[in-house]
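# Predicted model follows, preceded by the sequence.
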Amino acid sequence: MRKAGKNITKARAAVEARPYQLKDAVPLLQKIKFSKFDETVEITMRLGVDPKHADQMVRGTVVLPHGLGKSKKVLVIASGDKIREAEEAGADFVGGEEMVEKFNKENFTDFDSLIATPDVMQSVGRLGKILRPNGLMPHP
């Protein structure tokens, strides 16, 4: 087995083998880091629940302070009230048959996700040659 490097040995010496409170662990992590990139930290928490019981399941989400990177651009092709719903939901590009025509004329692919309602899937299906190679074809 290989011997640990001097930085790892120094970091291990600074950490006691005991559970830490989060308020104590974060400053310690910041003090003992030695790499020049942002390191990953794994946290293990003892919650004292039994996941076999349905009323003790632990689920949740975390909002990260700086997000996950770049935001995704969403295109919605729909008709009727669904266009208004898509705009209210925050879609970047919304339209109906005119968006299909824009594809045919301009080869428009300035988006990351495409959502189409079932009533316009026949029109969207004709765009398969453009959408499939880019992985943008929606599933019915």
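Cool, the structure landed.
# P27 should be in a strand, yeah?
No - using DSSP: H, G, I helix; E, B strand; the rest coil, the assignment for P27 is helix, not a strand.
# where's it relative to R12, distance?
Distance check for P27 against R12: by C-beta to C-beta, to the nearest Å, it reads 17 Å. From N, CA and C alone the C-beta is placed, and that goes for glycine too.
# now swap in D24 and tell me
Distance, D24 to R12, using C-beta to C-beta: 17 Å.
# and what of I83?
From I83 across to R12, the span is 59 Å (C-beta to C-beta).
# quick one, helices of this structure?
In the chain, the segments counted as helices under DSSP state H are 6-14, 22-32, 81-89, 97-106, 121-125, 128-131.
# Looking at I83 and R12 now, which is surrounded by more residues?
With neighbours defined as other C-beta atoms under 10 Å, I83 and R12 compare such that I83 has more, 17 against 11.
# Name all residues that make contact with the more buried one.
V76, V94, G95, G96 (C-beta atoms under 8 Å, 6 or more residues apart in numbering).
# now swap in H139 and tell me
Contacts of H139 by C-beta under 8 Å, 6+ apart: none found.
# 10 Å instead, please
Residues in contact with H139 (C-beta atoms under 10 Å, 6 or more residues apart in numbering) are A116, M121.
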